[in-house]
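Enquirer: heads up, no residue letters with this:
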């Protein structure tokens, strides 16, 4: 006989369950299926975690490289601005203008960050809950 025409039961317990399963036998069969599912789910989650870890390393490395290139691009822009302003303001004047401009931009960013931090501190320090409001 061909095994594909009449598959053999895996074990005698499954054959017995097919004939007349009792509640205890049903529970054992379900427990076995749950265990198999749990093992498969655990293997799947391990594979996902391994992939995420590997991808996170690559993402971090590419982010660092992008930050380095961005830094050098900014330095090239600053240097180019000093050279471009050199003929009209003189070299020292161009350097002073670019430096003061960068200080101004840094000050604006710092003031905005301080305002955001103050706002966040105010929001987080409020102890009024939803129950007290209504």
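Expert: Noted; the coordinates are in hand. Since this is a predicted model, take the numbers as computed values, not measurements. Numbering: from 1, shown residues only.
Enquirer: quick one: least confident helix or strand in this structure?
Expert: helix 130-133 (a mean of 50; mean pLDDT, DSSP states H and E).
Enquirer: how much space is there between the spatially most central residue of the chain and residue 45?
Expert: Centroid-nearest residue in the chain: residue 56, 7.7 Å away (criterion: C-alpha atoms, centre = their mean). As judged by C-beta to C-beta, to the nearest Å, residue 56 and residue 45 stand 16 Å apart. (Each C-beta comes from the backbone N, C-alpha and C, glycine too.)
Enquirer: work out for me the element residue 127 sits within.
Expert: Here residue 127, judged by DSSP states H and E, is contained in no helix and no strand.
Enquirer: same question for residue 86.
Expert: helix 23-125.
Enquirer: who does that helix touch, helix- and strand-wise?
Expert: Applying 3 or more C-beta pairs under 8 Å, 6 or more residues apart in numbering; DSSP states H and E, one finds that helix 23-125 contacts helix 12-19.
Enquirer: how close does residue 54 get to residue 43?
Expert: For residue 54 relative to residue 43 (C-beta to C-beta), the value is 17 Å.
Enquirer: cool, residue 127 as well?
Expert: 46 Å.
Enquirer: who has more neighbours out of the two?
Expert: residue 43 (10 against 6; other C-beta atoms under 10 Å).
Enquirer: list the residues that contact the more buried one.
Expert: Counting by C-beta atoms under 8 Å, 6 or more residues apart in numbering, residue 43 touches no other residue.
Enquirer: from here on, call the first residue 59.
Expert: Yep, numbering from 59; the last one is residue 101 now.
Enquirer: okay, now residue 155: neighbour count?
Expert: Neighbours of residue 155 (other C-beta under 10 Å): 16.
Enquirer: now for residue 139, how many residues are close by?
Expert: 16.
Enquirer: go ahead and confirm it touches residue 158.
Expert: No: the pair residue 139 / residue 158 is not scored as a contact, 12.0 Å apart, by C-beta atoms under 8 Å.
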